[in-house]
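Peer 1: need a 3D model of the sequence below.
(2 chains)
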Amino acid sequence: MRLSRVVTPVAAALLATAVAACAPAEDEPAQSGESASADECAVADLPLVKKGVLTVGTDSPAYEPWFVDDDPTNGEGFESAVAYAVAEELGFTKDQVSWVTVPFNNSYKPGKKDFDFDINQISINPEREKAVDFSDGYYSAAQAVIVLKDSPAAKATSLADLAKFKIGAQTGTTSLTAVRDVIKPDQDPLVFQNTNNAKQAMLNGQVDAVVADLPTAFYISAVEIEDSTLLGQFQYDGGEPEEFGLLFEKGSKLVPCANRALATLEENGTLDDIQQKWLSDAVSVPELQ
Amino acid sequence: MSEPATDWRPSERELARRRTRSRQRRHRIVVASIATVVVIGLLGAALLLSPGWPRVRATFLDWHHARESLPSITEGFWINVKMFLIAEPLILVAGLALALIRQARSAWLVPLRGLAIVYTDVVRGIPTLLLVFLFAFGMPALGLAGLPTSLFFWATTALVVSYSAYVAEVFRSGIESVHPSQLASAEALALSRAQTMRHVVVPQAVRRVVPPLLNDFVSLQKDTALVASVGLFDALYAAADYANYNFNYTPYLVAAVFFIAMTVPLARLCDVLARRLARRERAGAL
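Peer 2: Numbering: from 1, shown residues only, chains lettered A, B, ... in the order given. Model (predicted):
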C-alpha cells in the first residue's frame, strides 16, 4: 500500500516527461522568394539535408526511359540526366549527388523530408502545391494510348471510339484523370499500382487499352509488351499543359536556386539535348482527337 | 428467516468501517479523475502543440478533401461489402468441409485427408496479399478457356481460399473439444460415425467456435481491402488514388471510418455471443 502510493505519482510524472519528450523539435520557419541571386545559391549556403551533398529522391523500381537499368546513379535516362545537370548547375560534382528511394506516395507526407528534391515524373497541379513545393516544369508530357495490335481497340481512330473499351491507367496520375475527364469510358477504368501491373492486365485481356504519359507509353509498347502499339497521343489540358516538376519540401529555400538552374539549362539548350537523347523516339506518334 | 427490523443497529465499529470505505472510494475517484484528465491533457497538448500539427491537420484532416473523396470511396466500399457478403458463406462451407475431411476415419478418404492437411498448411503459410496477387494476375494468365478474367472474381476466390484454411482450423479445434464421452454415448446409442458427427459433434462444435469464427470474419472484413493491391477500385484504393493525385491523406481516414463502421457492430456481436455462450455452458453445471 505505502509503496504504491509513492510509486504511482512517480510513474505518472515519468509518463508526463516521456510525453513531453516525444514532442519534436521546432521546425525553423521557411519562406522563400521566387528568384535567387548567384551568391544566395552557393553550395555552402544551400539548406541541404546532408551537408555538402545533394540528396535526390526517386521511386524504385525506376522505370525507363526516365532511368536506365533501374539505377538512377548512372546518369542515364531522362530524369537521371536532368538531376545531374541541375546538380552540376548548382555547383555539385557527380559524386556529391546521392540518391535515396522515395516511394511516390511517401514523397508528399508532411514533415521533414530525407531528400533535397524528388524527381519521379511528378505532374505539377494546384492541389499538390498546397502540400509541397515544385520547381518550374522540366518536361511537358502528352498522354498516349497503348493497345495490342490484334485487339479491337487498335481500330479506334479517335478518343470517342475508345470510350466503349475497358481502359486502364496508373493510380494518382494525370493519365487516369485524363481517362476520366477526356475519354469518359462507359466502364469504370481499371486503375493500376504501377506499369508492371498494367502490362500484365493487358496481356491477360483484363484491359483493352492503357493510357500513360507519352515517353512511358512509348517504352512500354516498344520494349515491354510485344505485339502492342501506340494508338496515338493527346493533350490533357486541365487548363494548361501538364508539366513535370522537381518536388521539394514545402517552403524549401532550394526552390529558387533549382529554378535558376533549370532556366539556365533551358537557355543553353542542355535540357533540349537531354530530351533529344532519351525521349527523341516519341515524336512521331499520331495525334488523337 | 426474516430479521426483526427493530433490534439490529450497526455497531460503532461497523459504522467506522463504512466511513473508511466511502472515504477510500472518494479518494480513488478523485485520483482516477485527476490522472485521466492529466494523461489525456498531456497527450492532447503534445499533439496540438507539436510544431507539425498544423501540417498534419491540413494533410490528414481536411474537410474539403474528405467531402471531395467521399463519393468514390463510398462507391469503392460497395466492392468491399459485396466481396465480404459473397466470401463469407463460401468460407463457412469450405472451412467446415475441410475440417470434416481432416476428421474422417474412412480408409477411402485418406488421400483427401492428406490433401486437406497440405492445403491448410500451405495456404496459411502464404500471406493473404500474395494469394490475392497470385490469383488475380496468375490465374487469368493461364489463358484457360472458360476461366473468367474478372479481378473481382479472382480476388474473392483468393480471400475464400485463404480464410477457409483458417476457418477449417477453427472448426477442427471445435470438433476436437467435444468430450470423448459424447462419442462413446453416441456409439452406445448405435449411431453411425456419420450420424454422430451430424447430430452430436458438429452442433456442439459449431456453437463453441462461434466467437472465434466471428473474430475471423471481423478480420476478413478488413482484409477485403487487400484487393486494392491488384487494382480493384475498392474503398482503400479509391482513397489512395485520390490521395496520390491531390497529395492529401484525408481520404485514408475517410476509408478507415467506413471500415470501422462495418467491423465494430460485428465485434460487439461477437462479445455478446461469447457472453451468452459462457452463461449457457455454466447454467447446467453450476
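Peer 1: list the contacts of the closest residue to chain A within chain B.
Peer 2: For chain B, the residue closest to chain A is B:Asn244, as judged by C-beta to the nearest C-beta, at 2.4 Å. Placement of C-beta: from N, CA and C, glycine included. By C-beta atoms under 8 Å, 6 or more residues apart in numbering or on different chains, the residues touching B:Asn244 are A:Phe104, A:Asn105, A:Thr171, A:Gly172, A:Thr173.
Peer 1: just the buried ones among the residues you listed, please.
Peer 2: With burial judged by 16 or more other C-beta atoms under 10 Å in any protein chain shown, the buried subset of those is A:Phe104, A:Thr171, A:Gly172, A:Thr173.
Peer 1: name the element the nearest residue to the third one once chain neighbours are set aside belongs to?
Peer 2: Of all residues not flanking A:Gly172 in the chain, B:Asn244 sits nearest, at 2.4 Å (C-beta to C-beta, 6 or more residues apart in numbering or on different chains). Assigned by DSSP states H and E, B:Asn244 falls within helix B:235-246.
Peer 1: now do B:Arg57
Peer 2: Here B:Arg57 is covered by helix B:53-60, with elements defined by DSSP H and E.
Peer 1: contact partners of that helix?
Peer 2: By C-beta under 8 Å, 6+ apart, helix B:53-60 touches A:109-111, A:130-131, A:250, B:47, B:50, B:248-250, B:252-253.
Peer 1: can you list the weak-confidence ranges in chain B?
Peer 2: Residue ranges of chain B with pLDDT under 70: B:1-5, B:283-286.
Peer 1: interface residues of it facing chain A?
Peer 2: Neighbours of chain A within chain B, by C-beta under 8 Å from any C-beta of the partner chain: B:35, B:38-39, B:42-43, B:46, B:49-52, B:55-56, B:58-59, B:137, B:140-141, B:149-151, B:229-231, B:233, B:237, B:240-241, B:243-249.
Peer 1: just the strands in chain A please.
Peer 2: For chain A, the strands defined by DSSP state E cover A:54-58, A:97-101, A:117-118, A:133-140, A:143-148, A:167-170, A:190-192, A:209-213, A:228-234, A:243-248.
Peer 1: a markdown table please, covering those and showing distance to chain B.
Peer 2: Below are the strands of chain A laid out as a markdown table (distance: least, C-beta to the nearest C-beta, whole Å):
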| stretch | distance to chain B |
| --- | --- |
| strand A:54-58 | 15 |
| strand A:97-101 | 17 |
| strand A:117-118 | 12 |
| strand A:133-140 | 10 |
| strand A:143-148 | 14 |
| strand A:167-170 | 8 |
| strand A:190-192 | 5 |
| strand A:209-213 | 12 |
| strand A:228-234 | 16 |
| strand A:243-248 | 9 |
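Peer 1: pick the most deeply packed of these.
Peer 2: Counting by mean count of other C-beta atoms under 10 Å in any protein chain shown, strand A:209-213 has the highest mean neighbour count of the strands of chain A, with a mean of 28.
Peer 1: so what's the closest residue to A:Gln206 other than its chain neighbours up against?
Peer 2: Leaving aside its sequence neighbours, A:Gln206 sits nearest to B:Thr149 (C-beta to C-beta, 6+ apart; 5.1 Å). Residues near B:Thr149 by C-beta under 8 Å, 6+ apart: A:Asn204, A:Gly205, A:Gln206, B:Pro140.
Peer 1: among these, which two are most distant?
Peer 2: Comparing all pairs in the contacts of B:Thr149 by C-beta to C-beta, the longest separation belongs to A:Gly205 and B:Pro140, at 7.1 Å.
Peer 1: these two: who's more crowded?
Peer 2: Counting neighbours by other C-beta atoms under 10 Å in any protein chain shown for A:Gly205 and for B:Pro140 shows that B:Pro140 has the greater number, 22 against 14.
Peer 1: what's whichever helix or strand that one is part of packed up against?
Peer 2: Assigned by DSSP H and E, B:Pro140 belongs to helix B:139-141. Applying 3 or more C-beta pairs under 8 Å, 6 or more residues apart in numbering or on different chains; DSSP states H and E, we find helix B:139-141 packed against helix B:151-177.
Peer 1: list the buried residues for the helix it packs on?
Peer 2: Those would be B:151-172, B:174-175, for helix B:151-177 by 16+ other C-beta under 10 Å.
Peer 1: any idea how far B:Arg276 lies from B:Pro111?
Peer 2: Counting by C-beta to C-beta, to the nearest Å, the gap between B:Arg276 and B:Pro111 amounts to 41 Å.
Peer 1: burial count for the closest residue in space to A:Leu48 that isn't next to it in sequence?
Peer 2: Closest residue to A:Leu48 apart from its sequence neighbours, by C-beta to C-beta, 6+ apart: A:Asp116 at 5.7 Å. Applying other C-beta under 10 Å, we find 26 residues neighbouring A:Asp116.
Peer 1: what sits against A:Asp116?
Peer 2: A:Leu48, A:Val49, A:Leu54, A:Thr55, A:Val56, A:Phe248, A:Ser252, A:Leu254.
Peer 1: try 6 Å
Peer 2: Applying C-beta atoms under 6 Å, 6 or more residues apart in numbering or on different chains to A:Asp116 gives the contacts A:Leu48, A:Val49, A:Leu54, A:Thr55, A:Leu254.
Peer 1: any chance of CSV for the contacts of B:Asn244, columns pLDDT?
Peer 2: Putting those into CSV (pLDDT from 0 to 100) gives the following:
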residue, pLDDT
A:Phe104, 84
A:Asn105, 79
A:Thr171, 86
A:Gly172, 83
A:Thr173, 85
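Peer 1: in those residues, find the pair that's most separated.
Peer 2: Maximum distance among the contacts of B:Asn244 (C-beta to C-beta): 12.0 Å, for A:Asn105 and A:Thr173.
Peer 1: okay, buried residues for stretch A:119-138 please.
Peer 2: Neighbour count says stretch A:119-138 has A:119-125, A:128, A:130-138 buried, by 16+ other C-beta under 10 Å.
Peer 1: who touches it?
Peer 2: Contacts of stretch A:119-138 (C-beta under 6 Å, 6+ apart): A:58-59, A:79, A:82-83, A:108, A:174, A:242-248, A:250, A:252, A:255, A:258-259, A:262, B:246-247.
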